[in-house]
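Asker: Sequence first, predicted coordinates after that:
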Amino acid sequence: MSTKDENLTQLEYNKKYGNKKLEKHASLTAEERETIISWCDDDNDGKIFIHTTQMPMFRKLMKNPLFEVDRWHNDVDCEPHGVDGYLPRHCLTIRSKKRVLTEKQRQEAKKRFEKLRKQRIGA
């Protein structure tokens, strides 16, 4: 792809070259995209440090109102591609396997979700 083509939108690219996916050059290689979570028992503030350059984790953290940004990581075009910050420890859960519900637990969860849906809709 030429330098001129990098500024095309997906629609403009499709008109010019056919229905192909627009290839954007990633600022980081797959090996460089990572998430690091760090905390120690000595921390009195109860927060964990998170460094991420993985976009799915980046988006999740940006949606969390409790996440405190400490430092942004920008690429050469000044587009954010990573972030360092702090999150309260209670926000992190580590699961070893998928949770399996009993039929009774499933029915109780169904009732709770139906009640929440009614509250949101205002019915």
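Answerer: Happy to help now that I have it. Numbers count the residues shown, from 1 in each chain.
Asker: Contacts for the lengthiest helix in the chain next, please.
Answerer: Assignment by DSSP state H gives helix 103-121 as the longest helix of the chain. The contact list for helix 103-121, computed with Cβ atoms under 8 Å, 6 or more residues apart in numbering, reads Leu101. Where you see a C-beta, it was placed from the backbone N, CA and C, and this is true even at glycine.
Asker: give me that answer again for 10 Å
Answerer: Applying Cβ atoms under 10 Å, 6 or more residues apart in numbering, the external contacts of helix 103-121 come out as Arg99, Val100, Leu101, Thr102, Ala123.
Asker: could you say which helix or strand contains the second one?
Answerer: Put plainly, it is Val100. Assessed by DSSP states H and E, Val100 sits outside every helix and strand.
Asker: Read off the pLDDT value for it.
Answerer: Val100 carries a pLDDT value of 88.
Asker: Tell me which other helices or strands the helix or strand Ile50 falls within touches.
Answerer: Assigned by DSSP H and E, Ile50 belongs to strand 47-52. Helices and strands touching strand 47-52, by 3 or more Cβ pairs under 10 Å, 6 or more residues apart in numbering; DSSP states H and E, are strand 35-38, helix 55-63, strand 68-74, strand 80-88.
Asker: If we use 7 Å, what do you get?
Answerer: Applying 3 or more Cβ pairs under 7 Å, 6 or more residues apart in numbering; DSSP states H and E, one finds that strand 47-52 makes contact with strand 35-38, helix 55-63, strand 80-88.
Asker: Could I get the contacts of helix 103-121 in CSV, plus columns for distance to Val69 and neighbour count?
Answerer: Shown next, in CSV, are the contacts of helix 103-121 (distance: Cβ to Cβ, whole Å; neighbours: other Cβ atoms under 10 Å):
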residue, distance to Val69, neighbour count
Arg99, 31, 6
Val100, 37, 7
Leu101, 36, 10
Thr102, 41, 8
Ala123, 38, 6
